[in-house]
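1. structural data only, the sequence is not supplied:
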């Protein structure tokens with residue numbers, strides 16, 4: 001009996017010691033930076049994105065005034081475009097001029113990398129021409145590293161291949177002046193990435209980017225569906241576990257307001273948040289027509305909330321231009337179909353997301369090989385708002 005009591009005491013003491021050591025270790029990891037502050041043109045300081053594009057050593061706050069950019073021509077879809085749209089100077093100049101006049105400063109590009117399987121059909125990937133022309137127009141790029149939804153993200157060989165492909169992307173574009181930061185994935189947690197395998201892979205890829213670029217590294221973001229899974233130790237998403245990740249990108253479709261998103265996020269992470277997708281489409285199913293004024297009102301209000309949130313580095317609106325090829329099966333890419341989409345209660349005035357009408361710019365068929373581009377009302381309202389602030393902007397002033 002005495003030996004049993006003694007054994008229980010020893011075991012209890014051992015468990016207490018382990019718990020104390022674990023707590024101290026976590027606290028130490030949270031306090032210990034895994035990588036130093038970057039000395040490159042872009043870096044993170046607390047909740048702010050800082051830039052030194054002119055390389056004078058004086059970093060200033062950068063606020064993202066951006067759009068998602070995927071300019072597929074009418075009648076084409078991703079695997080049916082005979083050439084790479086990101087190497088087509090006429091398309092790029094058409095759009096970059098419109099964005100420059102709008103006072104936008106960022107394009108988020110969902111897929112900058114070749115297909116995982118190196119498919120001969122998939123020719124869409126970023127090129128140096130995109131970056132060179134963006135720099136000419138005073139624009140910056142957030143290149144996305146697309147991760148397919150049908151991959152086994154726990155498979156050792158798959159993970160190694162993804163890491164190598166991401167490293168190739170970093171090596172290819174790391175010295176481009178128009179580069180802002182890297183973005184990994186898109187809503188993977190809604191598909192096959194709702195697990196620790198996905199998030200550990202993201203952290204590994206972020207580590208590779210840092211080691212590849214060195215002291216002048218660009219920040220790395222992951223694009224998450226909402227703030228789901230953030231700060232979940234079972235999924236490996238605490239700040240200590242995601243110690244090479246710099247920014248949480250969040251796609252959020254909550255309606256007219258983000259609500260408590262920024263407050264709730266701040267309780268989960270000390271990293272900054274970037275609203276990587278948001279907004280509403282231009283088509284109202286209840287009215288049976290486009291409602292440009294409501295699209296403008298909702299999008300501008302959401303931008304204002306993002307700009308004025310202390311933890312947010314800015315936002316990229318969904319999206320620059322209508323995508324006629326969406327959503328399922330890439331059917332009828334030559335038809336602007338208002339029925340293509342899905343219901344999402346509260347996200348839009350009509351509770352329906354019309355996938356082919358998201359653009360702040362509408363495409364128009366014409367006699368030219370390159371489609372016409374007609375800005376909607378939201379474009380002009382945002383142009384006025386964006387013109388009120390420089391990209392180097394004090395959050396304390398806000399956007400009124």
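-> Yep, that arrived. Computed from a prediction, not measured in an experiment: that's the story for all the values here. Numbers count the residues shown, from 1 in each chain.
2. so for the residue nearest in space to the middle of the chain, what's the nearest residue that isn't a sequence neighbour?
-> The centre of the chain sits closest to residue 276, judged by C-alpha atoms, centre = their mean, with a distance of 3.8 Å. Computed as C-beta to C-beta, 6 or more residues apart in numbering, the closest residue to residue 276 that is not its neighbour in sequence is residue 249, at 3.8 Å. Glycine gets a C-beta too; all of them are placed from N, C-alpha and C.
3. and what about that neighbour, helix, strand or coil?
-> Per DSSP: H, G, I helix; E, B strand; the rest coil, the secondary structure class of residue 249 is strand.
4. residue 208 too?
-> Secondary structure of residue 208, per three-state DSSP, is helix.
5. now do the contacts for it.
-> If you count contacts by C-beta atoms under 8 Å, 6 or more residues apart in numbering, residue 208 has them with 163, 166-167, 170.
6. residue 113 - how many residues pack around it?
-> By other C-beta atoms under 10 Å, the residues close to residue 113 number 19.
7. oh, that last question was meant for residue 173, not what I typed.
-> Residue 173: 20 neighbours (other C-beta under 10 Å).
8. next, the closest residue to it other than its chain neighbours: phi, psi?
-> Leaving aside its sequence neighbours, residue 173 sits nearest to residue 179 (C-beta to C-beta, 6+ apart; 5.7 Å). Main-chain torsions, residue 179, degrees, to the nearest 10: phi -80, psi 130.
9. which stretches of this structure form helices?
-> 2-31, 89-102, 128-136, 156-173, 196-213, 261-266, 292-308, 377-386 (DSSP state H).
10. hmm, who's touching the shortest one?
-> The list of residues contacting helix 261-266 from outside it, by C-beta under 8 Å, 6+ apart, reads 227, 230, 248, 250, 252, 254, 273, 305, 309-312.
11. pick the one among those residues closest to residue 240.
-> residue 230 (12.9 Å; C-beta to C-beta).
12. now the closest one, nearest residue through space, not along the chain?
-> residue 268 is the one closest to residue 230 (C-beta to C-beta, 6+ apart), at 4.6 Å.
13. and for residue 50?
-> Among residues not flanking residue 50 along the chain, residue 59 sits closest, at 4.0 Å (C-beta to C-beta, 6+ apart).
14. also residue 207?
-> residue 244 (4.2 Å).
15. could you do residue 131 as well?
-> residue 176 (4.0 Å).
16. sorry, back to before: the residue nearest to residue 230 and residue 322, how far apart?
-> As judged by C-beta to C-beta, to the nearest Å, residue 268 and residue 322 stand 34 Å apart.
17. tell me which of these two has more neighbours.
-> Shown here are residue 268 and residue 322; by other C-beta under 10 Å, residue 322 has more neighbours (29 against 17).
18. surely the more buried one and residue 362 touch.
-> Yes. Counting by C-beta atoms under 8 Å, residue 322 does reach residue 362; the two are 5.4 Å apart.
19. sorry, back to before: pretty sure the residue nearest to the centre of the chain sits against residue 250.
-> Yes. Contact status for residue 276 versus residue 250: in contact at 6.2 Å, counting by C-beta under 8 Å.
20. contacting residues around residue 197?
-> 153-154.
21. okay, it: pLDDT?
-> Residue 197 is assigned 93 on the pLDDT scale.
22. how many neighbours does the residue nearest to residue 291 when sequence neighbours are not counted have?
-> Nearest residue to residue 291, sequence neighbours excluded (C-beta to C-beta, 6+ apart): residue 284, at 4.2 Å. Residues near residue 284, counting by other C-beta under 10 Å, number 21.
23. perfect, I'm done here.
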